[in-house]
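*Asks:* I'll drop the sequence and a predicted model, then ask my questions.
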Amino acid sequence: MDRRGFDGTSTNDILEKVGIARGTLYHHFKSKEDIMDALIDRYAIRLIDGAQEVAADKSIPIVERIIRVVMALNLSGGSSEQIMEHIHKPQNALMHQKIQKVIINGVPPILTEIIREGIQQGLFSTPFPYECMEMVVIYASTVFDDDLVVMTEKERSSRIVAFVCNVERLLGAESGSLMDVMGMFGEGDESSRD
């Protein structure tokens, strides 16, 4: 898969690499796509579990917890890092799409609970916390995916500032209160809003 991607790898290649009989493979998986689905399911569980664990830690302030939940989605090290490298290769578009689906469906409920806490604490004021988080996750996972949207560093920086500003508006948060979120993108507090 390193060389050919998932689409270019045959079940024979997998059998040869793993060293098992065809019958054993097909006893557990009906197709190569089933193997991919099992890998993605395993990855998704780790991804979502890590985000939920951070979200549940009430000792972390609301904005910091939001940042840490999102950062928990960027698993690094070992097989997670290898999976992410594979997902972003053009020949693995289906894998990429399936991971996007996991993120779009799994992350908004986690963030929504944090936003509800923020509403109770007076940090946010929105009648639609879930819908806000759904919009935020879909936008962020699309626009900031380098495989989908091509932009210069300047355009990226501008979009990050606009993103944070608009998230504040969606949530009814005080202007500038979410600028720390820019740190997730490797951006400082560049309050270059017009």
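*Replies:* Everything's here; your move.
*Asks:* residues near residue 13, how many?
*Replies:* For residue 13, the neighbour count with other C-beta atoms under 10 Å is 14. Using the backbone N, CA and C atoms, a C-beta is placed for each residue, glycine as well.
*Asks:* would you mind writing the CA trace of whichever strand or helix holds it as CSV?
*Replies:* Secondary structure assignment for residue 13, by DSSP states H and E: helix 11-18. Coordinates of the C-alpha atoms in helix 11-18 are reproduced here as CSV (Å, rounded to 0.1, in the frame of the first residue of the first chain):
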residue,chain,number,x,y,z
THR,A,11,-6.0,-8.9,-2.1
ASN,A,12,-3.1,-11.1,-3.3
ASP,A,13,-0.7,-8.4,-2.2
ILE,A,14,-2.3,-8.2,1.2
LEU,A,15,-2.2,-12.0,1.6
GLU,A,16,1.4,-12.1,0.6
LYS,A,17,2.4,-9.3,3.1
VAL,A,18,0.3,-10.7,6.0
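*Asks:* what helices or strands is that helix leaning on?
*Replies:* helix 22-28, helix 32-55 (3 or more C-beta pairs under 8 Å, 6 or more residues apart in numbering; DSSP states H and E).
*Asks:* residue 13 and residue 182, how far apart?
*Replies:* Distance, residue 13 to residue 182, using C-beta to C-beta, to the nearest Å: 43 Å.
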